[in-house]
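Asker: How does the following fold in three dimensions:
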Amino acid sequence: MMAAMFSIPRPIAFCLAALLLMCGAAAAQPGTSGVGGITAAAAAPAPEPTVAELREQLTKITASTDATEDTRQLLAQINDIGTQADKFVAARAGELADLNARLGELGNPPAAGATEDPDITRQRARLTKERNALDADIRLARLLSIDVRQRGAELVTQRRALFEAQITERAPSPLTGEFWRDLQEAWPSDLARLKTMVSGLRDGFSQAMQQGPRMAVLWALILAVLLAVLGTWVAEHLLTRIAARLLPAGRLRRSLLVIAVVASHVLLVAVAAHGFVWVLEEYATWEPQARKAMRSMAQALVFMAFVIGLGRGLLATSRPSWRLPPIPDAMATRLAPLPWLVAMVAALAWAPVEINALVEASFAAVVATHVLTALVLTALVGAVLHRLRPMRADTPDADPPERPMWVGLLVACIGVLMAAIWVLVGVGYVALASFLASQLTWSGIVAAAFYVLFKFADDVFMAGVSSRSTFGQRLQKSFGLAPQTLDQAATVLSGLSRVALFFYMLIALAAPLGTGPSEVFQRSGKFGTGVKVGEFQLVPGAILSAVAVAVIGFIVLRVFKRWLARSYLPSTQFEPGMQSSITTLLGYVGGILVVAFSLSALGIGIERIAWVASALSVGIGFGLQAIVQNFISGLILLAEQPVKVGDWVVLGTTEGDVRRINVRATEIQLGDRSTVIVPNSEFITKTVRNMTLTNAEGRVLIRLPMPLTTNAQRVRELILDACRAHESVLETPAPSLTLEGIEGGLLIFQAIAYVPSPRLAGSVRSDLLFTILERLDAEQLPLMPYAAAPAPAPVPVPAPGTADGAGSAGSPAG
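Answerer: Reported below is the predicted structural model:
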């Protein structure tokens with residue numbers, strides 16, 4: 001196991017060297033700076049400043065803002081004041097709680113005229129005074145913290161504006177002697193400042209590595225290295241096994257694993273680096289400049305871990321089937337060293353900028369840093385492009401794989417930009433060249449990170465909402481959703497998430513190299529007020545709130561309608577048609593309420609809805625009359641119930657059952673199972689025959705002509721018995737038989753029976769006719785007299801001489 005751990009293909013020497021840098025100076029000169037003579041009093045922390053002192057410091061910084069250009073240093077000082085104010089509040093909160101508890105034990109002051117022990121009175125007064133003073137200090141400290149945050153935001157804006165104003169200024173070109181003379185003149189002072197910072201670091205390391213806590217610091221260093229190197233390796237392999245075992249196969253597993261790998265790298269390295277810095281700060285008293293240098297180094301290591309983890313997660317050289325981008329295995333193996341190269345070069349390009357800010361370097365050093373940054377980062381981009389060039393096959397005659405046109409255009413644009421950066425450095429616009437080179441490198445890192453986020457957003461909704469997913473199938477069964485609806489919802493949600501991610505990607509692209517998520521969200525805060533279009537304010541947060549309200553509202557509405565249709569209404573006395581109408585009508589009302597709430601969340605008030613109504617009135621005047629008429633007619637049908645679901649209606653030549661009443665039209669199913677869609681206005685403006693409006697029973701009418709000699713009483717008994725014997729004939733009202741009269745010498749009998757539904761009348765009439773005719777025949781009761789029956793037609797006799805006649809005549813003789 002240990003052999004496998006130490007044979008991993010990873011250049012761990014860089015991380016080890018970066019962490020060892022923090023204690024290297026102490027090991028080289030253990031006896032400097034009088035380490036052995038440091039006393040406990042010298043190492044004691046300085047007293048905490050009061051709220052008044054912190055407020056005075058903030059006032060001085062605010063007053064000197066206009067006189068200085070180093071807004072980054074001012075921002076650090078302001079943030080330090082805010083941190084001290086927060087610590088003051090946290091430290092005094094327990095004290096305030098103790099004072100309140102002691103005052104509670106003493107109780108309230110006595111009422112007027114009552115007496116109390118003077119000691120208790122004095123103690124209550126003293127505690128109340130202390131409590132009020134402490135509460136006032138805490139309130140002032142909280143107010144100071146708020147002022148610090150506001151002033152910090154203003155300084156960030158000022159820093160951005162100052163940078164944008166100075167980015168096009170021209171400096172001495174490195175091709176001229178002026179550049180090198182300025183650098184030579186400023187070098188002694190810059191070197192002295194750098195030595196001062198290094199001396200502060202060495203003193204702190206020496207104090208931390210003194211005889212007492214030496215082993216604690218060494219163990220902290222060893223644990224930090226193990227956590228940053230072996231911990232990330234173990235976490236990556238462990239996450240792969242967990243994903244393969246717990247997550248179903250698919251795209252979501254791949255994108256989620258990449259995010260987990262990046263997060264594990266960042267988290268473990270952050271804990272290792274900042275944890276070791278915390279140990280050093282606990283065992284030594286550091287100067288502010290040295291403390292900031294250590295924290296900057298820890299942030300650089302975290303940024304490197306992010307780049308390396310992102311590259312390893314995307315390339316996935318050890319698990320090709322899990323690779324997120326469509327990269328061949330040979331190309332992925334070829335690109336494997338790039339994440340390390342990009343991380344180290346970006347950190348090295350970022351380090352001089354931080355050092356300049358810490359030591360307050362000269363203008364010549366800043367210009368030289370811009371030149372170094374531009375040249376190093378363009379060389380890095382060139383190395384990346386060289387690695388990304390199409391690979392040729394093993395055979396020399398084979399052509400390289402064809403790449404898309406947009407890739408070629410992008411590479412050409414990057415090449416032109418790199419040439420422009422070198423030209424800018426040559427002519428002296430070093431700040432602009434450094435900015436373009438940094439943004440070019442930063443854009444590549446941001447594009448890779450948001451590529452993973454885009455894929456993850458798409459995979460989450462496709463794997464969680466679409467009809468092919470397990471959760472989507474549960475939604476389909478629970479809410480009765482159609483598969484197409486779930487697929488459309490997954491596509492829409494994926495699109496909305498990509499739009500939101502694209503918004504933050506643009507903000508991240510506009511940020512400088514090495515920007516963290518906190519500044520990205522801070523930059524997005526100024527877009528939170530929205531964009532004004534005419535008199536309407538488009539606010540991103542309001543749009544998301546409106547979408548959330550609409551989605552949740554329609555889900556709740558669907559659940560409510562499902563509960564009404566399946567649980568509540570079946571337990572009432574309403575007939576099925578009425579139940580369907582109530583559910584549909586409440587669905588319309590609920591939909592209108594959900595839309596109204598969504599518009600309210602979007603910031604559209606009643607007066608703006610009135611504008612929409614005015615616009616709709618114009619549309620109605622031009623061509624929407626029929627649609628509105630049918631919609632209002634549908635509401636009338638649902639409210640008055642002249643026609644409801646399940647009724648048998650006759651409308652002109654259309655006759656059938658009402659199956660569904662929609663917003664615009666009503667569906668009628670005919671006898672041949674076809675469906676006729678009739679506009680709702682037809683049921684309001686035309687004559688409609690509803691066979692089942694007030695009485696759902698059907699009537700069967702049978703008329704029978706019988707001879708005058710028929711035994712009428714016997715016929716009556718036979719027909720009534722046949723009606724009573726049929727299972728579909730109702731007992732109440734009972735079947736009846738009447739003798740209508742004599743027509744054409746025949747007795748006319750008329751039988752009437754009732755069935756549960758008009759739809760059964762035809763089949764029951766047929767059954768009764770078959771039964772009655774059978775019984776009449778058995779009783780020898782004909783429907784018509786025998787004399788009146790037509791005589792059979794005479795058979796024609798063949799003429800003599802024909803073949804048939806000869807045959808017939810000869811037959812008797814024969």
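
Asker: Report whether V700 is found in a strand, as I expect.
Answerer: Yes: assessed with DSSP: H, G, I helix; E, B strand; the rest coil, V700 lies in a strand.

Asker: What residues are bridge-paired with it?
Answerer: A753 (DSSP bridges).

Asker: Which strand or helix spans R659?
Answerer: Assigned by DSSP states H and E, R659 belongs to strand 654-661.

Asker: So for that strand, what gets flagged as buried?
Answerer: Across strand 654-661, burial judged by 16 or more other C-beta atoms under 10 Å covers 656-658, 661. All C-beta atoms are positioned from the backbone trio N, CA, C, and that covers glycine.

Asker: ok, so of these, who is nearest V411?
Answerer: Distance to V411, by C-beta to C-beta, is smallest for I661 among the buried residues of strand 654-661, at 61.8 Å.

Asker: Run through the residues that contact that closest one.
Answerer: 580-581, 584, 634, 637-638, 643-645, 667, 680 (C-beta atoms under 8 Å, 6 or more residues apart in numbering).

Asker: Would you mind giving the residues you listed as CSV with secondary structure, distance to L501 and neighbour count added?
Answerer: Below are these laid out as CSV (DSSP: H, G, I helix; E, B strand; the rest coil; distance: C-beta to C-beta, whole Å; neighbours: other C-beta atoms under 10 Å):
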residue, secondary structure, distance to L501, neighbour count
S580, helix, 43, 21
S581, helix, 45, 22
T584, helix, 39, 21
G634, helix, 42, 24
L637, helix, 47, 22
L638, helix, 44, 22
V643, coil, 51, 25
K644, coil, 49, 22
V645, coil, 46, 21
E667, strand, 43, 16
N680, helix, 45, 24
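
Asker: re the thing from before, let me know the closest of the buried residues of strand 654-661 to L453.
Answerer: The closest of those to L453 turns out to be I661 (C-beta to C-beta; 46.3 Å).

Asker: Any idea what the closest one is bridged to?
Answerer: I661 has these beta-bridge partners by DSSP bridges: T666.

Asker: Report the spatially closest residue to the residue nearest to the spatial centre of the chain, excluding sequence-adjacent ones.
Answerer: Closest to where the C-alpha atoms of the chain average out (C-alpha atoms, centre = their mean) is S497, at 5.2 Å. Nearest in space to S497, with sequence neighbours left out and distances taken as C-beta to C-beta, 6 or more residues apart in numbering, is A457 at 3.9 Å.

Asker: Return the distance of the one you found relative to S766.
Answerer: 65 Å (C-beta to C-beta, to the nearest Å).

Asker: For the two, work out which one has more neighbours and name it.
Answerer: Legend: neighbour count by other C-beta atoms under 10 Å for A457 and S766, higher for A457 (21 against 11).

Asker: dump the residue contacts of that one.
Answerer: Going by C-beta under 8 Å, 6+ apart, A457 touches 494, 497-498, 501.

Asker: what about I742, which SS state?
Answerer: When classified by three-state DSSP, I742 comes out as strand.

Asker: That one touches L708, doesn't it?
Answerer: Yes: counting by C-beta atoms under 8 Å, I742 does reach L708; the two are 7.2 Å apart.

Asker: helix or strand for the residue nearest to S497, which one?
Answerer: Here A457 is assigned to helix 430-464, by DSSP H and E.

Asker: Give me the distance from that helix to the chain's centre.
Answerer: 19 Å (C-alpha atoms, centre = their mean, to the nearest Å).

Asker: Moving C-terminal from that helix, which element do we reach first?
Answerer: Heading C-terminal from helix 430-464, the first helix or strand you meet, by DSSP H and E, is helix 470-479.

Asker: Now do that next one against helix 430-464: the angle between them, please.
Answerer: Calculated by axes from the mean of the first three to the mean of the last three C-alpha atoms, to 10 degrees, helix 470-479 forms an angle of 50 degrees with helix 430-464.

Asker: if we can go back for a sec, correct me, but the residue nearest to the centre of the chain touches G464?
Answerer: No: counting by C-beta under 8 Å, S497 does not reach G464; the two are 11.8 Å apart.

Asker: ok, which stretches of this protein are strands?
Answerer: In the chain, the segments counted as strands under DSSP state E are 531-533, 536-538, 648-651, 654-661, 665-669, 675-679, 689-690, 698-707, 736-743, 746-755.
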